[in-house]
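Participant: 3D model of this:
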Amino acid sequence: MDAKMNESSSSSPVNSTGIDTSGALQTSPSNSTGVDPSGTLQIVMDVLLISLTVLLMLSFGCSLHVNHIRSHFSRPLGVVTAIVLHFVLIPYVFYALICAMNLNLYDRLSLTVLATCPAGGISNLFVHYADGDLALGVIISASSTVLALGFMPLNMWMFSRSWGGGIVLPYVQVSVTMSTTLVPVAIGMIVVRYSEKVAKWIARVGSSVATVMIVATVIISSYMYPQMYTSTWKTWVFAAIFAPVAFTIAYLIALSMRMPADMRRTLGITTSTKSMALCLTIIALSFSSDEYLEYLVLPELHSILMMTELALFCLSYRLYRWCNGKYVMSTESDTVFTAEHDASQPVRQEQEISRNGSLRVSLENVNNNINRRMSNAMALSLPLPSGLSEYRRGGRVTV
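Facilitator: Okay, here's the model as predicted:
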């Protein structure tokens, strides 16, 4: 098995750390259906994925304000937790599972690459549908991609050396991913600052078009790589459990740290959604053309199952919210910022003065205000309503 791995990695120059620094793409063979993965359909898929990321980031940038971003940098607990999850906890958890289940060589290395990848831009679409903290999701996507330049070579060297192989880190692809994440978000934030109506239209249309594009990518992937549906049961199991396991670990850690509900959902979704474009590029660069499709099976199958599982989660959450009448407000949807809006102005509340002159605030308004401020208090710099001496999350309000 080691000889096979050495043969597959001999086509690329590997440096002393086991990481191939060459930037040359390798040609992929035709699969069993006669479709060339490096041909026209692959070009269409690449363009579709890049366009999808740009459209998503532009749409969500139109829903953000600079104060939303600033709040998470001033109190970076959520961001730091996400980075630790992406590059420390999740890779080690799945490395332990790989060793325990004794997977074949192809699934070992492809799952290792998948586990060490940063968050994908598509995660923000599911964060949006699950009423998560969109500002936090965008920051996690961007920061994890930047930090992947340092963490991914270290993780891949530590994990893959036990199987005798070197992994190629495509620095150009990482740079492209950073650009398609940061630049559209910045443009969207500029648009919302000067034209709120245009920003709302872009956000609404962009999320809808992105959903259609995701369905198109699933159909094209299924046509190009039909052999992934006939893989072994172990491949199916790991492709299916990756997202639920990562989501559960992230959610429970966020819950133990008493983060708000929208931040817990955001951490769970972003941790379980890896950058598939970067993962597939690494596989294309790292392994020979003779075995390329064998390494590609698990990531492609995982991408389809992951999007299905997260879509079901978002539908279940919205059904729960509709049935129970509970709407946990996210930091980006409850406050509309314009160029003339001053973030230091207090939130208007429906107040009712009782006969003895004491202040009474509606319970529903207070709960919404508490949820919002717990996620974005420092960014908005909103003072407590007069008459409220203290409040606790889910607790009593003292008036």
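Participant: burial of Met257, as a residue count?
Facilitator: Met257 has 13 neighbours, counted by other CB atoms under 10 Å. C-beta here means a position set from N, CA and C on the backbone, and glycine is covered the same way.
Participant: so who does it touch?
Facilitator: 77, 81 (CB atoms under 8 Å, 6 or more residues apart in numbering).
Participant: again, 6 Å this time
Facilitator: Taking CB atoms under 6 Å, 6 or more residues apart in numbering, we find Met257 in contact with no residue.
Participant: Please report how far it lies from Ile140.
Facilitator: Distance from Met257 to Ile140, counting by CB to CB, to the nearest Å: 15 Å.
Participant: got the residue ranges for the strands in the stretch 151-300 of the chain?
Facilitator: Remark: strands assigned in the stretch 151-300 of the chain by DSSP state E, counting those that start in this stretch are 167-168.
Participant: what residue ranges in it score low on pLDDT?
Facilitator: Scanning the stretch 151-300 of the chain for pLDDT under 70 picks out the ranges 162-169, 289.
Participant: hmm, 90 instead?
Facilitator: Counting by pLDDT under 90, the stretch 151-300 of the chain has low-confidence residues at 151-186, 188-233, 275-297, 300.
Participant: Just give me the neighbour total for Ser74.
Facilitator: 10.
Participant: do the same with Thr273
Facilitator: Count around Thr273 with other CB under 10 Å applied: 28.
Participant: cool, Ser71 as well?
Facilitator: Counted with other CB under 10 Å, residues neighbouring Ser71 total 24.
Participant: Surely it is within a strand?
Facilitator: No - the assignment for Ser71, made by DSSP: H, G, I helix; E, B strand; the rest coil, is helix rather than a strand.
Participant: Give me the buried stretch members for the helix or strand where Tyr320 lies, please.
Facilitator: For Tyr320, the host element (DSSP states H and E) is helix 292-324. Using 16 or more other CB atoms under 10 Å as the test for burial, helix 292-324 gives 292-307, 309-311, 313-314, 317.
Participant: same thing with stretch 248-263?
Facilitator: Buried residues in stretch 248-263, counted by 16+ other CB under 10 Å: 249-251, 253-254, 259-263.
Participant: want to throw those residues into CSV with distance to Leu48?
Facilitator: What follows is the buried residues of stretch 248-263, written out as CSV (distance: CB to CB, whole Å):
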residue, distance to Leu48
Ile249, 31
Ala250, 28
Tyr251, 30
Ile253, 34
Ala254, 32
Met259, 34
Pro260, 34
Ala261, 33
Asp262, 30
Met263, 31
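Participant: if you skip the residues just before and after it, what's nearest to His302?
Facilitator: Closest residue to His302 apart from its sequence neighbours, by CB to CB, 6 or more residues apart in numbering: Ala239 at 4.1 Å.
Participant: My guess is the one you found contacts Leu305. True?
Facilitator: Yes - between Ala239 and Leu305 there is a contact at 5.4 Å, judged by CB atoms under 6 Å.
Participant: Now do the domain split for the protein, please.
Facilitator: As given by automatic domain parsing, the domain ranges for the chain are 9-20+34-324, 351-398.
Participant: what's around Ile202, how many residues?
Facilitator: Neighbours of Ile202 (other CB under 10 Å): 22.
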